[in-house]
Every structure is written in C-alpha cells, then in structure tokens.
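Q: Need coordinates for the following:
(one chain, ligands or ions: 1)
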Amino acid sequence: MTSRRIPLVAGNWKMNFDHLEATYFVQQLAWKLRDARFDYKRCEVALMPSFTSLRSVQVLVESDKLRIRYGAQAVSVTSQGAFTGDVSADMIAHLGCSYVIVGHSERRKYHPEDDANIVDQVRAVLAAGMQPILCVGESYEERRKGIELDFAVGQVHDVTRDLSDEEASRLIVAYEPVWAIGTGMVATPQSAQDAAKAIRDDLTATFSTTVGDTVRILYGGSVSSKNAVELIGEPDVDGFLIGGAALKVDELTKICRLTLEATA
Ligand code: PGA
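A: Presented below is the predicted three-dimensional model:
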C-alpha cells in the first residue's frame, strides 16, 4: 500500500428505525463523537437509514452542520417512470447522500438483483455523483469448497470491468462473507485481509495501480468493538460495513474511536 486510505465506518441499518429513531440516533452519535473529539478528517463515519428517514437525517445533518455522512441501502436502475415503489439515484443524491449500498446479500437473496442489475445500480449511483458500496462475499458452501477468494474477486470483476478508471476509482467494495452476516461468526483478520488483497490486486490488474490504491475495501459481517481493532490492523482492510452493532449508539461510537486510534 502506497498511502493509507481514509478509513470508513459505515452503519447499515437495514429495515430498522423510523425517522424519529433515526434522527435521535444520529444526534446521539454526533454528541458522543464530539465529546471524544473525534477527527472526521482521519476516519469517515456514515449511516445508511431507510429511505423514509433520509430526508429527516439530511435536515439534521445540515442544520447542525454534522460531519456524519449518510446514504441509501439500494437504488433503482432506472431514472424515472412507471416503476412503482422504486427510488432513483437522482432522488437519493438530491437528499445529500454520499453513498448507496449496492448488491447486499440480503438484496441479492430477497429481490431479483443479479449481476446485470447490480452493474446498472453501480452505474446509476456513479452517474448521480455518489459512491456505490458494492457488497460481495462467498456463502458457507463456497468457503467449504475453498473457492472463496475467486468467488469474491469474480463478483467484483464481473460488475466493474466495463467501468472507466475514473468511475472505478470512486468505488467502495465491502467484502462481506454471507456466513458472517448477522451470525456472530466473524472472518479472521487474515481471511479478511486475503480477500481484500485479492480484490485490490484484481482492481489494479483490471484498471491501474491508482485505482487499486484508491478504492477502499471494507470488511462486513458481525463486526463489533471486540474484533474491530484486529481487523482494521490489516493493511488492505479500510473500514467496516456494520449491521447489528450499528444499531447501538455506544457500540458504534466505540468502533469509530477504535478504528481511528488503530489507524492513527
Ligand atoms: P452484521 O451485518 O454486522 O449484523 O453482520 C453486516 C451487513 O449486513 O452489512
């Protein structure tokens, strides 16, 4: 690694918190991080609420000039029209979002999101000026067969190979082994590093050293304050995508602080 990328701690709230709970949480987190003199320039913090909370979070962040960023959990591949229930990338961007999670394993499982659809989501997010957080990762079955690295690298490769260098450099990848999500079973730091390194090497080979050095690769899957320090200690792990632990404000504050301290 030529330069340390700014770590990103991102909370994926999934289908939790209404807009009142969401704004209360953001306020609490901001206060706790302010009390800890948190340096947002050296560690980004982001939350991904439900669509219904984004406007409320935006108003709070803008009125209180908070440094916390936010984004959405999914996006439509079309820009407008007769697509009942869908939300376009422009609508999300106009709410001040920095990020959109794309291809989370729960979306791949419960919605018809295949690679072709995920490519279009990535493009839609990039075209609207935001950064996609592209989720990849093997199931228990692939790990058992010993093909987890090829699988995760292949998922990134298939979705990103037709992007320009400039587009690829704005990607964020979240390596989230499916067996680790919400299970309490966390990948070892070494296997998180192996996957992040393999994905980075492929980005370098497909695009350029600059792209490989720039793209942040997060780890996700049962991250907590107990395992965050070891994981962030790995050279190619640039932060976290956090589900369960991001629903508890003290725990999330702790993970943010530990991540900052460990990368200082
Ligand atoms: P978890 O979820 O932290 O609860 O395992 C992670 C995710 O789904 O992004």
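Q: alpha carbons only for contacts and neighbour counts from here, please
A: Fine.
Q: Show me which residues of the stretch 151-264 of the chain sit near the ligand.
A: Within the stretch 151-264 of the chain, the positions adjacent to the ligand are Ala180, Ile181, Gly182, Gly220, Gly221, Ser222, Val223, Leu241, Ile242, Gly243, Gly244, Ala245 by Cα under 6 Å from any ligand atom.
Q: what residues are up against the second one?
A: Ile181 is in contact with Gly220, Gly221, Ser222, Gly243, counting by Cα atoms under 8 Å, 6 or more residues apart in numbering.
Q: got CSV for those residues, with neighbour count, pLDDT and secondary structure too?
A: Output for these, formatted as CSV (neighbours: other Cα atoms under 10 Å; pLDDT from 0 to 100; DSSP: H, G, I helix; E, B strand; the rest coil):
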residue, neighbour count, pLDDT, secondary structure
Gly220, 28, 98, strand
Gly221, 25, 98, coil
Ser222, 23, 97, coil
Gly243, 21, 98, coil
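Q: for those residues, which one is nearest Gly11?
A: Nearest to Gly11 among these: Gly243, at 6.0 Å, using Cα to Cα.
Q: for the closest one, phi and psi?
A: In terms of degrees, to the nearest 10, the main-chain angles of Gly243 are phi -100, psi -90.
Q: Enumerate every residue touching the residue lying closest to it once chain neighbours are set aside.
A: Closest residue to Gly243 apart from its sequence neighbours, by Cα to Cα, 6 or more residues apart in numbering: Asn12 at 5.0 Å. When contacts are counted by Cα under 8 Å, 6+ apart, Asn12 is found next to Leu47, Met48, Pro49, Gln73, Leu241, Ile242, Gly243, Ala246.
Q: And those, which two are furthest apart?
A: Longest span within these, Cα to Cα: Gln73 and Ala246, 14.1 Å.
Q: buried sites along stretch 28-39?
A: Within stretch 28-39, the residues that qualify as buried are Leu29, Ala30, Lys32, Leu33, Phe38, counting by 16 or more other Cα atoms under 10 Å.
Q: Output the contacts of Asn12 as a markdown table; include the columns secondary structure.
A: Output for these, formatted as a markdown table (DSSP: H, G, I helix; E, B strand; the rest coil):
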| residue | secondary structure |
| --- | --- |
| Leu47 | strand |
| Met48 | strand |
| Pro49 | coil |
| Gln73 | coil |
| Leu241 | strand |
| Ile242 | strand |
| Gly243 | coil |
| Ala246 | helix |
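Q: Relative to His104, which of those residues is nearest.
A: Closest approach to His104 among those (Cα to Cα): Gln73, at 8.2 Å.
Q: circling back: next, format the contacts of Asn12 as a markdown table and append distance to Arg161.
A: What follows is those, written out as a markdown table (distance: Cα to Cα, whole Å):
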| residue | distance to Arg161 |
| --- | --- |
| Leu47 | 28 |
| Met48 | 26 |
| Pro49 | 29 |
| Gln73 | 23 |
| Leu241 | 23 |
| Ile242 | 27 |
| Gly243 | 28 |
| Ala246 | 32 |
